[in-house]
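1. here is my input, please return the structure:
(2 chains)
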Amino acid sequence: DAKTTQPNSMESNEEEPVHLPCNHSTISGTDYIHWYRQLPSQGPEYVIHGLTSNVNNRMASLAIAEDRKSSTLILHRATLRDAAVYYCILRAMEYGNKLVFGAGTILRVKS
Amino acid sequence: EAQVTQNPRYLITVTGKKLTVTCSQNMNHEYMSWYRQDPGLGLRQIYYSMNVEVTDKGDVPEGYKVSRKEKRNFPLILESPSPNQTSLYFCASSTLLAGVLNEQFFGPGTRLTVL
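-> Next up, the predicted model:
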């Protein structure tokens, strides 16, 4: 199964950019990279997803390495409301639509 | 309002007593999925369904059953619950565009305790 590796935790200052890394060295050519976050006491929330090219939306940007073995979720200006657990997920096409979650990164934002 | 609903939200039961957790979505999504979340283990996928009458195993399917007889509903069935199935359960749904999974919408969660 395609797996992801993320740092256990990261810390950021409010109003500063945050770069959350994810390694997925066994990714196959058809696997999509999804990011979700989970705020305390809530269900997961979609952030962004992509295949090969960098992606931007209102919440974040996703930078995907050329060899696709890693990716980075970029929050352009962290706020206290961004404090959450961030999950990097591979959507493994060769296994149907099974989703393999990483352990997640706990992001702490300091004011 | 577009949403995924789960019932019950909280459930305490005893070992071996069959139970069903319901999940319903009103967004006409093809894809539905169940996850469990345990401390230190993150989210793990139990089962998923790509459309009516199509279900498949996720990472931790043992001890669970699902069915997808209607597009909007995807119940999770525990035929004989055991204490190791004590967990927080989430249902999710999504569209599939040309087979590509899009944004998943998650339900509020069901906290299950098996004594």
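
2. who in chain B is up against chain A?
-> Within chain B, the residues that sit near chain A (CB under 8 Å from any CB of the partner chain) are B:31, B:33, B:41-45, B:48, B:50, B:56-59, B:90, B:92, B:96, B:99-109. Backbone N, C-alpha and C define where each C-beta goes, glycine included.

3. just the ones of the residues you listed in strands?
-> B:31, B:33, B:42-45, B:48, B:50, B:56-57, B:90, B:92, B:96, B:100-101, B:105-106 (DSSP state E).

4. and the buried ones among those, selectable in ChimeraX?
-> In ChimeraX syntax, the buried subset of these is picked out as below (16 or more other CB atoms under 10 Å in any protein chain shown):
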select /B:31,33,42,43,44,45,48,50,56,57,90,92,101,105,106
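
5. okay, B:Y47 and B:C23: tell me how far apart.
-> 11 Å (CB to CB, to the nearest Å).

6. overlap in contacts, the two.
-> Both B:Y47 and B:C23 are contacted by B:W34, B:L76, under the criterion CB atoms under 8 Å, 6 or more residues apart in numbering or on different chains.

7. is the residue of chain B found nearest chain A bridged to anything, and to what?
-> Proximity to chain A, evaluated over chain B using CB to the nearest CB, is greatest for B:F106 at 3.6 Å. Legend: beta-bridge partners of B:F106 under DSSP bridges are B:A92.

8. what about A:L20, neighbour count?
-> Neighbourhood size, A:L20 [other CB atoms under 10 Å in any protein chain shown]: 22.

9. am I right that it sits in a helix?
-> No - using DSSP: H, G, I helix; E, B strand; the rest coil, the secondary structure at A:L20 is strand, not a helix.
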